[in-house]
Every structure is written in structure tokens, then in C-alpha cells.
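S.K.: Whatever this is, show me its structure:
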Amino acid sequence: MKGRAAQLKRTAKEAAACTRCPLYRHATQTVFGEGPVGAAIMMVGEQPGDQEDRAGRPFVGPAGKVLDRALAAAGIDREKVYLTNAVKHFKNEPRGKKRLHKRPNRYETEVCKVWIDKEISLVRPQLILALGVTAAQSLTGRRTIVLSRERGRVLELPDGRRGMVATHPSAILRMPDEAARRAGFSTLVKDLRMAKQLSAS
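M.R.: Predicted structure coming up:
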């Protein structure tokens, strides 16, 4: 376990110098995953957001706060989960003083997969939970993922590991009204509870 943890640290240092795709040019830094080697659950989002890009840590912005509340409601300790993203640089479009989020394209996701594959091989989670469609496409290798059809089901990933798909917390923040956000949050908590149960079996 110590050897894998040291290797994961070395991999994070390698990723910090990544120029495999153009996204590094407009990002502050690489945002690598964090969490313990041997974590039962690995959660994979789309990409770091503005606050993650500045802090150099995954899920520390508004979506991270939603995820923290959902993890607490599901009885999952964030410190025991490995959190990462399919793409390690923040893809954005400068708009005045703001940087607007842009969805990574297929090329960027595929080029960045070298890092997520290394994280998976070193962390060795019991279950990988994809948060959102981009992460699910990256992990499954499928071009099309319909979230409403796949969420709540166990997926077999190409490497034989078990996976699941859930709504990304940022999607909950973008929902049109409070009732929709409450429903979206409840669904995420339900999926996290299922992930917890599956990762223990």
C-alpha cells in the first residue's frame, strides 16, 4: 500500500507538467485526484472548475460543497473516498474577469485518460462512480450515455471493474428551481448510498 501511495505521488508530479493537450495553456495548474490508496470508492467528475483550478484540489468549489452535503447525508466520509476528474485542466473561456466553464471534447478526454487509468490502477477501488456524462463516457469508452437510463445501475467497465453513473453536483446547482434542486440532491444521495453498499460487498 505504501509503495502504491508513493507511486501515486510521483504520478501526480508527472501530471503537473502535462502538456498532452492544449488545455494547460489557459489553466492555472493541473488538478490531480486526492484521497487514499485503497479507497473503496473512486468518484470521477468531468473537470476542475474555476475554484479547483486556483486551489489545485478537486471538488472544493460550489459543486464540491453540494457533494460534501450529499456524502454526509449518505454516511460517507469524504476523507476515505478518492476524488478526481476525467480531465485534469480547467477548460474555460475568458469573459471579462470571469472564466466560463467549457465542456471538454472527446479528444481532450481521451488524451487525459492516461492519468485516470494510472489513478485507477494504483488506488484499486471496489467501485468507480462517474459523476456526469463526460466522466461516464471516459470510463466506459462509450460515445453515448443517457444519464436517466444508466443511473442507479451497476455497469461493468472495460477493465472489469464495477461502475455506476450519478448526476454531477454542478448539474444540481444549475437546476431551474428549488424543488428541482431538492429532488436532484435526493437522487444523488440515493445513488451515493447505493455506491457505499456496493463498494462494501
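S.K.: who does residue 129 bridge with?
M.R.: Judged by DSSP bridges, the bridge partners of residue 129 are residue 43, residue 164.
S.K.: can you give me the helices in this structure?
M.R.: Under the criterion DSSP state H, the chain carries helices at the ranges 2-16, 50-55, 62-74, 106-123, 133-140, 147-150, 169-173, 178-200.
S.K.: Remind me what the fifth one packs against, helices and strands.
M.R.: Contact partners of helix 133-140 among helices and strands, from 3 or more CB pairs under 8 Å, 6 or more residues apart in numbering; DSSP states H and E: strand 41-45, helix 106-123, strand 127-131, helix 147-150, strand 162-166. From N, CA and C alone the C-beta is placed, and that goes for glycine too.
S.K.: The residue lying farthest from the centre of the chain: what's it in contact with?
M.R.: Distance from the C-alpha centroid of the chain, by CA atoms, centre = their mean, peaks at residue 96 (27.9 Å). Residue 96 makes contact with no residue under the criterion CB atoms under 8 Å, 6 or more residues apart in numbering.
S.K.: Quick check: which of the helices of the chain is buried the most?
M.R.: When these are scored by mean count of other CB atoms under 10 Å, the highest mean neighbour count falls to helix 133-140 (a mean of 23).
S.K.: so who does the nearest residue to residue 171 once chain neighbours are set aside touch?
M.R.: Sequence neighbours aside, residue 132 is the residue nearest to residue 171 in space, at 6.6 Å (criterion: CB to CB, 6 or more residues apart in numbering). Contacts for residue 132 (CB under 8 Å, 6+ apart) come out as 45-46, 147, 167-168, 170-171.
S.K.: Got the phi and psi for the residue nearest to residue 107 when sequence neighbours are not counted?
M.R.: The shortest distance from residue 107 to any non-neighbouring residue, by CB to CB, 6+ apart, is to residue 21 (7.0 Å). Main-chain torsions, residue 21, degrees, to the nearest 10: phi -130, psi 170.
S.K.: I am assuming residue 21 contacts residue 109, so please confirm or correct that.
M.R.: No. Under the criterion of CB atoms under 8 Å, residue 21 is not in contact with residue 109, lying 9.3 Å apart.
S.K.: Show the end-to-end separation of stretch 142-157, please.
M.R.: One end of stretch 142-157 sits 10 Å from the other (CA to CA, to the nearest Å).
S.K.: which parts of that stretch are buried?
M.R.: By 16 or more other CB atoms under 10 Å, the buried positions in stretch 142-157 come out as 145, 150-151, 155.
S.K.: picking up where we left off before, give me the pLDDT value at the residue farthest from the centre of the chain.
M.R.: Note on residue 96: pLDDT of 83.
S.K.: my read: residue 92 touches residue 104, true?
M.R.: No. Using CB under 8 Å, residue 92 makes no contact with residue 104, being 10.8 Å away.
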